[in-house]
Every structure is written in structure tokens, then in C-alpha cells.
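Colleague: sequence unknown, structure follows:
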Ligand code: OXD
Ligand code: MN
């Protein structure tokens, strides 16, 4: 296979001349190709077989122990003007970055195969979808891209028709963290990644293309590329709403997207369109429509069980790649909070010993095709996407943020989104459990200056009179003893129900300086025991603490200097004044 697209052919030739692979393989995306890659990786020990009876088609990959998460300190946005990348990104001058990367790529594929992966982010016939080509020397990356994207022949045909694509060059290099870089060149629609095989660093269609490069393109072209799940909520009466929700990494987007309604809410249905990324465009009627650019999930494994996420638990019983989980005596994948069985081998491949830390790495992952999800919505393949009723922001906050509140209007919603804060998780290298600001859950993923990004969000609000409502949720409030105040998981549907009731104008609310909060009587709590005092704390707004919070948000915004849009500063002042 080769291509009629001259630019692509030339880029592959130049890359091969630089990296010196033994072979070049153009991926067609077929099942036979996937099976061949799996065979090759099993022979090389890159994949290990798992119990074929209980986990058919499933395999285990153990990464290098230093290569288990995204590396934000080694991720760069390389724009000609440093200001454009903003204080929210590491920056390197394009010429310096190219020099450095060319040096690292030189000869790096000797003895290896260079794989060319044409892929399409979004339904192949969607006007909102965009194509890319990833070149990689990792069969593990190819196999993951097959599960995560629409890749192969049909994507190549679209590229040949359109002539436009994002280029991504990846090599695992020598996996030395000293020689690991994830570089983005938005002006060149180019990504270069070396020295890591980890999903977020190496599956270039995901964070690098669908968020960092796409957010930059979206600003030029008037749309939004966001770190959001997309779900369909159907009421017992058959009313359907589509919700998009942005939470920082490992804060439960996958669980919410696959939510199973509590038995005490019969007739409610949740279907999944996406669990990580949404591309949002206004249609001709001013309706904001969402597509999920991905077609698979790269989800956090620990904590997944029949109670927390039955759909995911069932989904990953076949045809799944597990990365950095443990195994039990039956050679089944095992992770913390899975079941009562015992791990035998830990994620490093060593005999498990409780003194050596968790058996599965806290950021161990499953990669699986979205169609395997029992709650999969076929609308994920609809080229027109789905109309969004509500945008939900959220974070992991022990204190302060109530269970749910609603913005007064779009501008207030942008302030709420820009103020998102969350305790850090294992999805990125660094300290875990520290509260950091993560505007729109895009801190690691926005490909340009946050000030300009907030300005773009505000400008989007001026483009339609049919804007979605904006909300903030927090499932993670704790009492003084560290116990969660809200049960979470399936019971989060009670909050989603209030959200759609608000969208439909069916219920009133308590107006507070931070937004509209539910009257306790409007929350469907049937079958759930929540002490009145606990409900009070979940729905409380403590003005003094919020004043402090707003002041700290103001300090945070000040770090972005003059590019912070006036509308956001005015909105911030308005809320601060309302807090008294
Ligand atoms: C992810 C992340 O893998 O956000 O989705 O880190
Ligand atoms: Mn994510």
C-alpha cells in the first residue's frame, strides 16, 4: 500500500531517510493486520497472553517502569511566538525543538519497522471529523490506535480526497526519560514524540492531536475541542438529553459516561457516546453539536468493578489490551478493588508482595473498542453528532464545591469552567492529591494561551441564542474523617436528573452568589439514605470560604496577564462582589 497524496508520500520518505527503519508498513486497519501485530508482540514478549477462557482476546503489556503516565514537564508547545503558547504550556522555539528532535530521531528505527497509520478522528463521513497520520516504530501503538481510532484504508481515502492531515511522528527511542519529549508544532500541524510508549504520549491521535492541536485549530475555525465525555440520558417518558462533561484525568469521566441507573430510578437509561474528548460545533440553527473523535477507550483500570462500573467491567472481559495490571493465579488480569482474589504477579512482573505497593499500577489502563461497551450509543457514529443540552464541569474537591450548581448564563459558565480545580491523580507523573487549577480540565491539553482560550469560549457564547446550560458538579466531598459524603457512581444520575430538569425549565433553584443550587426537595433521592445534615453540607455555600476561593482564582487569572479577557475579569468581579 502507498498513497496518491504527494505530501504524505514525501513525508514518509523523508522520515524513513532520517530514522532508517528496516521496513515500512502502511496500515490498512484490517482485523488480519491486528491479529498479525498481536502475534508479533506475543513472540517478542511485548504482549503476554492472559487466560484465554475467561478473558478471550485479552493481552497484557508491561511498560518500562519509568514510562507509566503522561509527562507534562516534557510536553512542549512550539509556536514561533512564546506568548502564543502561554504560561499554561512549556515552550520551545520551533527551530530548537526541530534540531533536538531530529537528533533523537536520527537512525532511531534501525532494526525496526516504520508503521504508517492513517487515521480519522470522528465518524469517517462527518464534516466535523479530521484526519491525521501517525508514523511509529511501536506495534503496541499501532494495535492501540486500531482500537482507539478509525484507522487504515478508509482514513487514507479521506486524506487523499481532502489533502489535509495532521502529521505525528513517534518513536519509542530508547525509553530513557532523559531523551523523552512530546513536541507540538501547531502552525505546522505537526506532533513529534520520542522516548515513551505510554498512551497519552504515544497514541498521537488522542491528547496530542484531538486536544492540543485541535484546540488550536478550533480557535482559528470557531469550534471547541474539549476534554469531555458525551452521554445520552433518556427519561422514563422517552425524553432524551445529551450532556458533555469535563473532569480532569482520572476523576471518573469513564464511569459517568457508562453510568448504570440505580434500581430505585426505573426507566432511566444512560448511553455512552464518548468518555474523554468532545469536538463541539454550532450547526446552522445555532445548536451546539458534539462528536467523539475517538472510537475506543483508554481507561484507568484500578477501581473498576461490578459495583463502580459494571459496563466497563463486562466490556473488558474480551478483546482488550491491559497495560501494567497485575495477574492472579488463573493468569487473569487483576487490579486493586477488582474482587476478593489475590494478585500473584505485580505490574512489573515481580511476585506480588504487599510491602512493595499496589499490585496494579494506579495508572494501569485498558484499551478497548467502544462498540464493546454494553451502553454504547450508535449515535457515536452519526456524522452530524448530537445536540448538547448541558455542559458540566467538575473536579475532585474534598471541600468547598457543592454537589452541583448551575451558572447564571454562558459568561458565568465560562468563569466556572476557567476556575475548575482538582486534586491531582496518577494519570500524570508528579505528586498525587495536591489541589491544582485545571481550567475546563484542559490544563495539560490546551494547545495555546489560556487567556486566548477563555476569550474563545466567551466569543462562542456570542454566536448562538440556543446555548447549552452550564453546570459544576463535585462527587468527591469528604467529611472530617475522610469519608465521602455522596455515594457517587450510579447515584450521580440523581444529579444528572436535576440538571436536565433545569434545562427543561421544570424545577426552580436557590439563587446564590456562585450560581443556582438545587432545593433539596427537587433532588430525586428515592431509595437513598442521606442524612439531612449531610445533604445540607453538600448543598451549602459558605460565603467566607468562597470569597477566599474567588480571591485565589483572581490571583490565578492574574498569572495570565493581559490576555485574560475583560469579560472573564468582569464576571469574576461580579461574583466576588455578590459574595459581599
Ligand atoms: C487520559 C488522561 O488518559 O486524561 O484520558 O490522562
Ligand atoms: Mn483524559
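Modeller: Looks like it arrived, so ask away. It should be emphasised that the depicted structure is a prediction, and the values quoted were computed from it without experimental measurement. Numbering: from 1, shown residues only. Ligands and ions are numbered 1, 2, ... in the order given.

Colleague: and the longest helix seen in the chain, what does it pack onto?
Modeller: For the chain, the helix that runs over the most residues, judged by DSSP state H, is helix 543-558. If you count contacts as 3 or more Cβ pairs under 8 Å, 6 or more residues apart in numbering; DSSP states H and E, helix 543-558 packs onto helix 566-578. The C-beta positions use only the backbone N, C-alpha and C, and glycine is treated the same way.

Colleague: Report the buried residues of the helix it packs on.
Modeller: Under the neighbour-count criterion of 16 or more other Cβ atoms under 10 Å, helix 566-578 has 567-568, 571-572, 575-576 buried.

Colleague: From the chain's centre, how far out is that helix? Work that out for me.
Modeller: Distance of helix 566-578 from the chain centroid (Cα atoms, centre = their mean, to the nearest Å) equals 29 Å.

Colleague: Show me where this structure dips below the pLDDT cut-off.
Modeller: Scanning the chain for pLDDT under 70 picks out 1.

Colleague: try it again with 80
Modeller: 1, 427, 433 (pLDDT under 80).

Colleague: Which positions in it make contact with ligand 1?
Modeller: Counting by Cβ under 6 Å from any ligand atom, the residues of the chain close to ligand 1 are 70, 199-200, 249, 276, 298, 427.

Colleague: What ranges does the stretch 1-150 of the chain have for its helices?
Modeller: With DSSP state H, counting those that start in this stretch, the ranges of helices along the stretch 1-150 of the chain come out as 6-19, 31-44, 82-85, 94-105, 139-148.

Colleague: Ok, which of the ones you listed comes nearest residue 363?
Modeller: helix 139-148 (15.1 Å; Cβ to Cβ).

Colleague: in its sheet, what does the next helix or strand after the closest one sit against?
Modeller: With elements assigned by DSSP states H and E, the helix or strand that comes after helix 139-148 is strand 150-151. Using DSSP bridges, strand 150-151 pairs in its sheet with strand 113-121 (antiparallel).

Colleague: Tell me how far the strand it pairs with lies from the chain's centre.
Modeller: The answer for strand 113-121 is 21 Å, by Cα atoms, centre = their mean.

Colleague: re the thing from before, may I see the residues of the chain next to ligand 1 arranged in a markdown table, with neighbour count and secondary structure as well?
Modeller: Formatted as a markdown table, the residues of the chain next to ligand 1 follow (neighbours: other Cβ atoms under 10 Å; DSSP: H, G, I helix; E, B strand; the rest coil):
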| residue | neighbour count | secondary structure |
| --- | --- | --- |
| 70 | 22 | strand |
| 199 | 23 | helix |
| 200 | 26 | helix |
| 249 | 24 | coil |
| 276 | 25 | coil |
| 298 | 23 | strand |
| 427 | 21 | coil |
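
Colleague: Among those residues, which ones lie close to ligand 2?
Modeller: When contact is defined as Cβ under 5 Å from the ion, the residues of the chain next to ligand 1 meet ligand 2 at 249, 276.

Colleague: Can I get the residues of the chain next to ligand 1 in TSV including distance to residue 313?
Modeller: Below are the residues of the chain next to ligand 1 laid out as TSV (distance: Cβ to Cβ, whole Å):
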residue	distance to residue 313
70	25
199	20
200	23
249	21
276	18
298	17
427	20
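
Colleague: now for the residues of the chain next to ligand 1, which pair is the farthest apart?
Modeller: The two members of these with the most space between them (Cβ to Cβ) are 70 and 276, at 12.7 Å.

Colleague: Was I right to think residue 452 contacts residue 86?
Modeller: Yes. Residue 452 lies in contact with residue 86 (Cβ atoms under 8 Å); the separation is 7.2 Å.

Colleague: Between those two, which has more neighbouring residues?
Modeller: Each of residue 452 and residue 86 has its neighbours counted (other Cβ atoms under 10 Å); residue 86 has more, 22 against 19.

Colleague: Among the helices of the stretch 1-150 of the chain, show me which one is buried the most.
Modeller: helix 139-148 (a mean of 24; mean count of other Cβ atoms under 10 Å).

Colleague: Out of the buried residues of helix 566-578, flag the one nearest to ligand 2.
Modeller: Nearest to ligand 2 among those: residue 568, at 24.3 Å, using Cβ to the ion.

Colleague: Give me the distance between the nearest residue to residue 308 once chain neighbours are set aside and residue 478.
Modeller: Once flanking residues are discounted, residue 308 sits nearest to residue 489: 5.4 Å by Cβ to Cβ, 6 or more residues apart in numbering. The span separating residue 489 from residue 478 equals 16 Å under the rule Cβ to Cβ, to the nearest Å.

Colleague: Please say which of these two ends up with more neighbours.
Modeller: Comparing residue 489 with residue 478 by neighbour count (other Cβ under 10 Å), the higher total belongs to residue 489, at 18 against 13.

Colleague: Touching, the more buried one and residue 259? I think so.
Modeller: Yes. With contacts counted by Cβ under 8 Å, residue 489 reaches residue 259, the gap being 7.3 Å.

Colleague: contacting residues around the residue nearest to residue 368 when sequence neighbours are not counted?
Modeller: Once flanking residues are discounted, residue 368 sits nearest to residue 320: 4.5 Å by Cβ to Cβ, 6+ apart. Residue 320 makes contacts with 55, 57-59, 366-368, 372, as judged by Cβ atoms under 8 Å, 6 or more residues apart in numbering.

Colleague: Which members of those are the farthest-apart pair?
Modeller: Spatially, the most separated pair among those is 59 and 372, at 14.8 Å (Cβ to Cβ).

Colleague: Could you check which of those two is surrounded by more residues?
Modeller: Between residue 59 and residue 372, residue 59 has the larger neighbour count (other Cβ under 10 Å), namely 23 against 19.

Colleague: I'd say the more buried one and residue 42 touch.
Modeller: Yes. With contact defined as Cβ under 8 Å, residue 59 counts as touching residue 42 (7.4 Å).

Colleague: any shared contact partners between these two?
Modeller: Common contacts of residue 59 and residue 42 (Cβ under 8 Å, 6+ apart): 48-49.

Colleague: from memory residue 507 sits against residue 500, does it?
Modeller: No. Using Cβ under 8 Å, residue 507 makes no contact with residue 500, being 9.9 Å away.

Colleague: which one of these two has more residues nearby?
Modeller: More neighbours surround residue 500 than the other of residue 507 and residue 500, with 21 against 16 (other Cβ under 10 Å).

Colleague: Need the nearest residue in space to residue 463, chain neighbours excluded.
Modeller: Nearest residue to residue 463 in three dimensions, chain neighbours excluded: residue 282, at 5.8 Å (Cβ to Cβ, 6+ apart).

Colleague: Which strand residues bridge that neighbour?
Modeller: Applying DSSP bridges to residue 282 gives these bridge partners: residue 288.

Colleague: Next up, the contacts around it.
Modeller: Residues in contact with residue 282 (Cβ under 8 Å, 6+ apart) are 222-223, 288-289, 460, 463-464.
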